[in-house]
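Fold the following for me, if possible:
(chains A, B and C)
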Amino acid sequence: MTTQTAGGGKRNGFLAGFAGYKKQYALCLMLLPTIVYFIIFKYVPMAGLMMAFKDFKINAGIWGSPWVGLKHFEKAFASRTFLRALENTIVISGLKILVGFPMPIIFALLLNEVRSLKYKKIVQTVSYLPHFLSWVVVAGLLNQLLSPNNGAVNYILTKWLGFEKALFFLGDNAYFRGTLIVSDIWKEVGWGSVLYIATISGISPELYEAAVCDGATRFQRLLHVTLPALLPTITVMLILRVGSVMDAGFDQVFNLYNSAVYKTGDIIDTYVYREGLGDMKYSFSTAVGLFKNAIGFVLVVATNAITKKINGSGIW
Amino acid sequence: MKKLLVIALCLMLALPAFAMADATPITWSGTISVAPYLFGPWDEAKDIVVHPTEQLMKERYGLDVTFDVVFVENANYREIINTRIAGGTAPDVFIGGDAVVLSQYYDQGAIASWEVDFFKENAPATYEFLNNGGYQGRLKDYVDMFWKLACADDGKMTTVPYFDEQSAMPSKTLMYREDWLDALGVAHDSPDVLPKTLDDFVALLYRFANEDPDGNGVKDTYGCSESVVRAIFGAYGSSYNSRLWLEDGEGGLIASDVKESNKDALALLKKLYDDGVLDPEFVTGENNGGYWAVNHAFINGVIGASCHASIDHYRRPDVMGDNGGPVAIEWYAINGADSDFVYAPWPAGPDGEYGLEVGYPVSLGTGYAYDARLNDDPDKLAAIFKIMDIFGTDDEIMLLNCWGIEGEDYAVNEDGSLTNFLNTTDRNEKGIRVLRGLFGPEKVNSERGMFLDFYGDKTIKNRLDFFENDQCGMYRKNVVRGLLPSASEYNSELDTLRNETFVAIITGTQPLESYEDYVQEWMDRGGDILTEEANEWYAENK
Amino acid sequence: MREKVSWADVLVHIILTLFIFSVVLTFVHMLVLSFSPGYVATKGGLHLWPEDPTLDNYAKVLKSKYIWLGYKNTILRTLVGTSLSLFITAMGAYALSKAYFPHRAYWTLLIVFTMFFSGGLIPNYLLVRDLGLLDTFASMILPGMVSAYNLVIMRNYFQSLPEEIEESCMIDGAGRFRTFISVVLPLSKPILATVALWLAVGHWNAWFDVLIYITDETRFTLQVVLRRILITGTQQMLESTQVQEMNDYLQASPEGLKGAAIFVATLPILCVYPFVQRYFVKGIMVGSLKG
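Numbers count the residues shown, from 1 in each chain, chains lettered A, B, ... in the order given. Coordinates of the predicted model:
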């Protein structure tokens, strides 16, 4: 088995790489359509990012519009509402990653422990249904369910569990973020577990049999066979998930929030929406988008480097 | 002598021909594309409405034109149209929306503009109708305002508004639950015996909350929710969720966001909240989804008073010979055919103020604008206005486009008004009114057009009759007409601040004393600039 | 050898059952509302049995001839789009999964970079316009053809396949591409199924790109047609009105109509998952390591 590693010094390796193209021409051909696609459909329009530094005027187009440098970024950072939205975005997203990211994994692991194949299939199929509901619909249901006046949840809390006062989940800053996170988990856990279930299904049963022979309990099998097999997938998913930390879920927040919870619930995207971004303020929205994405990218690079140090593998 | 007679006869016969030829010698021909809000698959309408119209235009006016109706989804209209504008593929006529968007479009060179005289030349009948104050000249006093609305800062027109008395009429009505009034022994045979002052009104709200009007032995009722919060702010001469520039009594203007009286309103509301009279769910509103005008809290017996909807939504059956307004239908379905709601007068505050805000009788409607490429094609733009005039003056074309086919879709009454056979859904499927945008801003700007659409309409009569009996005089109007220069810069931020603070004070998250800090904050975030601009406007336009 | 049922088993079953229960309740509620007239939804509360059943909502949704056109366009788009994307992404992911691929890290970075930085709506629209793809079937397939996310995940899977399998095939004289098709792909059924599912759902549910790029109404996909129907059912209520109400229409449609639209739109794609599950079969690697 021959493996060609990127030679001695870095410079040497980079130049030496060019020789590989001829040698691996079949692989190159296989990659070609992808690269062509990315160049045409991703890199060519990227020039539009310049709008973040210009005052876009329709009749002047992207190139003719006047250059304004960092004006839009300054405007954003001068706004206290924006800064608060930034904080909320990071906190909500962070919580979603911390609490929400492990959920599909745990769900897949739990499912794996179910022995009845029929039950397993039923659970799997039902679990991913909520993903297909739009937040418009789910918000409507949550409004009813969580109502402090006659919602089912508060009914249970006050009548069965002896709470003194009903909790206004959607109208109280103390509970709003929690509501966002829990409802997001409910909606996405089934769908998000598909990849993990698929990966688990690829684990050779011989590995499990060997573990049983060694006297491993169910929990030990989970820990030493299943999890390690999932680790590469988990790593990649985590890195990618971290990259979207600036996206706290516009659809969800927009349909659930109100002025009582702006303090903890207003995120960058809802703030930008209220600024009337449907109108012609393209430059401003491009600038904010650029800022969000730059942060996401930096985080991905950092996470990637960290996982490489720990695991030896990253995305690149 | 005989010769003279023949000549005279010929002239007389020829005269109509002259009149027709005089009307519109249109040389332009081609396709005009328009993208109105579409509410149905209008494809079938091509044959019912569009092609016949094109035919009539050709026969009568020698106009060789094809109409292309473009579908742009309503919910994402703004974004889609903006993309098309940037790509140069926008239709000729599209929706500008409101004054803010129109001015932005104009600044960016996205829409066309033209001189008022150009409009006068090509749509003379429409121009005259508008310049004389609309239907029967009723709104003569607002003609200046009309032209200001139609034109950009440089005096050129960018859109064609219309006169709309509806905008100047109150759009919400206060109501009580009849069963609760009966349970509490409150008389309601006429509006006069119902509470008229704020104190009496609040007392009634307390009774709703505390005296178990639904008789189920559980304290699960409230007096009111979000809509009444607005009415209470109105009673203090201010506004809960919009910005009105009002006279401050010292010769200048002040924003309703920061009026002194807000503090009193907030104090009262805080008390109502703490005492369990104001529904804590007021922050999410009375509507739980679905059609916006349905105030679930009121219909389902959570609150006793609401001004969330209008008397059109809550129109009783048989007033118009139908099943009633859309929300009234739900009311009766849920509460029973014997139940009812009671229209009530607005409570007046300590300074005698009451009600909510109204607008001015000049409206942009949907604010149709014309793509900037028409600046380079004045013949086409002229043709568009000539067509607008034709819609206004040619009865048959107007009726076909706005009402459908006589006998099948409508019938003409004795007084000239129409009885419509179709409901809205059927109308949309037939494609009636699918060419709006070409005949102006949703309504036809002519005597006959406005009569058929508005003044001759029974619903309007119903509404006008109702308001005879209501305290109608003291609704608040925004003194500043038009846009302040920095409006789009600061509006959204100040709105967020105001909405948040008011809710926080009412629910107790923030103390009442923080109001002064809020006023200062409001000023710091751009409110001072807006106030300055408002006062400048006031000085110029007094 | 059957193991005893332990408390862990019971706990797992309780948790899963509670979760399933909540989902089923939700869908039953929506199903019931879709068979009920408007005022039932106004009443609020949980509805598990229709009290005034009606087929009106479904009639409104299904009677439009555009629905069937919509189904056709959507099915076509989903089939073509999914297979094309799957194939091209798989090829690219396979190539990049080889550690000896020249400048592998740079190519990967090039691709991942695009996940974060994008020109935005207008530049993309201008590109599609300039390519002459406006109002074409291709505009629904090409602009989103390769997803960097899918590519990375597929590459990750290919990396986990043992090198020996391909080696033995290539030693026997098969070319790289041949090996890919006859050896690698069959072993990759789980990941192919997963990504195919993601792609199919993405195409099936897509509507925004259609709105932007397509103007010919006969090309509209199911979701777009349904959105139009939802608003048809509501315009009579939006009559009086201010522009901002138009923008809230999706919220404005009666719950029953919304429910009917959801079921009409989603039922077909929901049926895809059970098929996909067949590929999540244990033991796909058994027997591949011999020799």
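
what's the pLDDT at residue B:272?
pLDDT, residue B:272: 96.

How about residue B:349?
91.

got the contact list for it?
B:198, B:232, B:234, B:235, B:236, B:237, B:261 (CB atoms under 8 Å, 6 or more residues apart in numbering or on different chains). Just so you know, the C-beta spots here come from the backbone N, C-alpha and C atoms, and that holds for glycine as well.

Pull up the gap between the third one and residue B:242, please.
Going back to what we said before, that points to residue B:234. Counting by CB to CB, to the nearest Å, the gap from residue B:234 to residue B:242 is 11 Å.

With neighbour count added, can I get the contacts of residue B:349 in JSON lines?
Supplementary listing: those in JSON lines, determined by neighbours: other CB atoms under 10 Å in any protein chain shown:
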{"residue": "B:198", "neighbour count": "21"}
{"residue": "B:232", "neighbour count": "25"}
{"residue": "B:234", "neighbour count": "28"}
{"residue": "B:235", "neighbour count": "27"}
{"residue": "B:236", "neighbour count": "24"}
{"residue": "B:237", "neighbour count": "23"}
{"residue": "B:261", "neighbour count": "17"}
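
from those, which single one is nearest chain A?
Using CB to the nearest CB, residue B:232 is the member of the contacts of residue B:349 that lies nearest chain A, at 17.1 Å.

measure the closest one to residue B:307 for me?
10 Å.

now residue B:458
From residue B:458 across to residue B:307, the span is 24 Å (CB to CB).

Between the two, tell me which one has more neighbours.
When neighbours are counted by other CB atoms under 10 Å in any protein chain shown, residue B:458 and residue B:307 differ, and residue B:307 comes out ahead with 25 against 14.

Could you tell me which residues make contact with the more buried one?
B:172, B:173, B:174, B:175, B:227, B:228, B:230, B:231, B:356.

Could you find the closest non-adjacent residue to the second one?
Here the nearest residue to residue B:173 in space, its sequence neighbours aside, is residue B:311; by CB to CB, 6 or more residues apart in numbering or on different chains that works out to 4.7 Å.

Quickly list the domain ranges of the chain.
Reading this off chain A. Residue ranges for the domains of chain A, per automatic domain parsing: A:21-69, A:85-311.

hm, I was asking about chain C
According to automatic domain parsing, chain C comprises the domains C:1-54, C:55-277.

closest to chain A out of these?
With CB to the nearest CB as the criterion, chain A lies closest to domain C:55-277 of those, at 3.0 Å.

now the end-to-end length of the closest one.
One end of domain C:55-277 to the other measures 33 Å (CA to CA, to the nearest Å).

on that earlier part again, out of the contacts of residue B:307, who's nearest residue B:206?
residue B:228 (12.8 Å; CB to CB).

I'd like to know how many residues surround that closest one.
By other CB under 10 Å, 33 other residues sit near residue B:228.

could you dump the domains of chain C to JSON lines with distance to chain A?
JSON lines is the format used below for these (distance: least, CB to the nearest CB, whole Å):
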{"stretch": "domain C:1-54", "distance to chain A": "5"}
{"stretch": "domain C:55-277", "distance to chain A": "3"}
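
And the average pLDDT for the host helix or strand of residue C:40 is what?
Using DSSP states H and E, residue C:40 sits in helix C:38-43. The predicted model assigns helix C:38-43 a mean pLDDT of 80.

nearest spatial neighbour of residue C:141, skipping sequence neighbours?
residue C:81 (4.8 Å).

what does residue C:194 give?
Nearest residue to residue C:194 in three dimensions, chain neighbours excluded: residue A:198, at 4.5 Å (CB to CB, 6+ apart).

so that neighbour sits right up against residue C:198, yeah?
No: judged on CB atoms under 8 Å, residue A:198 makes no contact with residue C:198 at a distance of 10.9 Å.

Quick check: residue B:106 touching residue B:158?
Yes: applying CB under 8 Å, one finds residue B:106 in contact with residue B:158, separated by 5.5 Å.

got any residues that touch both of these two?
In contact with both residue B:106 and residue B:158: B:113, B:152, using CB under 8 Å, 6+ apart.

what touches both of residue B:234 and residue B:242?
residue B:357.

dump the residue contacts of residue 47.
This is for chain A. Applying CB under 8 Å, 6+ apart, the residues near residue A:47 are A:62, C:119, C:123.

my bad, chain C
Listed by CB under 8 Å, 6+ apart, the contact set of residue C:47 reads C:29, C:32, C:33, C:36, C:40.

likewise residue B:327?
Applying CB under 8 Å, 6+ apart to residue B:327 gives the contacts B:291, B:293, B:294, B:295, B:299, B:309, B:313, B:314.

Among those residues, which has the minimum pLDDT value?
residue B:291 (78).

pLDDT on the helix ranked longest in chain A, on average?
Counting by DSSP state H, the longest helix found in chain A is helix A:282-311. Across helix A:282-311, the average pLDDT comes to 88.

Which strands or helices does that helix pack on?
If you count contacts as 3 or more CB pairs under 8 Å, 6 or more residues apart in numbering or on different chains; DSSP states H and E, helix A:282-311 packs onto helix A:71-78, helix A:227-243, helix A:268-274.
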